[in-house]
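[1] no FASTA, just this:
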């Protein structure tokens, strides 16, 4: 549906769209196809007049394990791919912030890196008891241009945002709810997210969508204030020796 790559499965259930990150053998880690698909998805959801809400989840054991190491290695060497990835990152962030319909995340497992960003940009979040959030961009020598540091200061204290962004520390499900980075810990996050979407879809459409837009105007303004700097800084970090060294170790299986 929507012409997405195989890495993103979009299924219609009436007016509900169920979006599944679909690389289960790789813990839904982000490769170029998945990244490109995410950059295109949100506008297509907005343009789909029959869609009223969407649920976002991951296939298998993870929501998303973050960047695929092979993809990161390509980014270290390919300037054109880096430029495209930075442009697509901007589209992911602004596309989610501007998406017409409510986006409900069902975090079924670890949500790391871009996976963590997708959670932060969702409207309502259900997270499994054993799941966690983490943004380890700095640990691999990258600036998190489309990551937690972009939106976390809107959710939690600035000091806590700094701690989690500068260390990459895991945020367990219960702590995520306590901080306001998720709404509910759930035994069945997908089922609960679908139930929530169904309840929202029973409400008057214009009221729902305009209320979401009202709230997200604040999000979009905050994001736009720092997004261009963040993307420029991330683009630069892809070319540093620190990043290349760390990625080389990751792809060779070294610690």
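    Everything's here; your move. None of these values were measured; they are calculated from a predicted model.

[2] how about the longest helix along the chain, which residues are buried there?
    The helix that spans the most residues within the chain, counting by DSSP state H, is helix 205-237. Residues 208-209, 212, 216, 219-220, 223, 227, 230-231, 234-235, 237 are the ones in helix 205-237 that count as buried (16 or more other Cβ atoms under 10 Å). In short, each C-beta sits where N, CA and C put it, glycine included.

[3] mind giving me the packing neighbours of that helix?
    Helix 205-237 makes packing contacts with helix 79-98, helix 148-155 when contacts are defined by 3 or more Cβ pairs under 8 Å, 6 or more residues apart in numbering; DSSP states H and E.

[4] after that helix, which helix or strand is next?
    Next helix or strand after helix 205-237 toward the C-terminus (DSSP states H and E): helix 241-252.

[5] what is that following helix packed up against?
    Judged by 3+ Cβ pairs under 8 Å, 6+ apart, the packing partners of helix 241-252 are helix 69-77.

[6] could I get the average pLDDT for the helix it packs on?
    For helix 69-77, mean pLDDT rounds to 94.

[7] mind listing what's buried along that helix?
    So for helix 69-77, counting by 16+ other Cβ under 10 Å, buried means 69, 71, 72, 73, 74, 75, 76.

[8] format those residues as TSV; extra columns: distance to residue 131.
    As requested, the buried residues of helix 69-77 are exported to TSV (distance: Cβ to Cβ, whole Å):
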residue	distance to residue 131
69	21
71	23
72	23
73	27
74	28
75	27
76	29
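
[9] other residues contacting the worst-scoring helix or strand of the chain on mean pLDDT?
    Here the helix or strand of the chain ranked lowest by mean pLDDT, DSSP states H and E is helix 148-155, holding a mean of 90. For helix 148-155, contacts defined as Cβ atoms under 8 Å, 6 or more residues apart in numbering pick out 93, 116-117, 120-121, 133, 135, 144, 160-161, 164-165, 179-181, 218-219, 222-223, 226-227, 230.

[10] swap in stretch 14-23?
    Applying Cβ under 8 Å, 6+ apart, the contact partners of stretch 14-23 are 1, 6-12, 28-29, 31, 34, 41, 45, 48, 50-59, 63-64, 101, 115, 194, 197-198, 201.

[11] from the residues you listed, which ones fall inside strands?
    8, 9, 10, 11, 12, 53, 54, 55, 56, 57, 58 (DSSP state E).

[12] ok, and the closest non-adjacent residue to the fourth one?
    Meaning residue 11. residue 18 (4.7 Å; Cβ to Cβ, 6 or more residues apart in numbering).

[13] how close does the one you found get to residue 152?
    27 Å (Cβ to Cβ, to the nearest Å).

[14] where are the low-confidence patches of the protein?
    Applying pLDDT under 70 to the chain flags the ranges 254-255.

[15] if you set the cut-off to 90 instead, what comes out?
    144-149, 250-255 (pLDDT under 90).

[16] spatially central residue in it, please.
    residue 118 (1.6 Å; Cα atoms, centre = their mean).

[17] quick one: it is in a helix?
    Yes. Assignment of residue 118 by DSSP: H, G, I helix; E, B strand; the rest coil places it within a helix.
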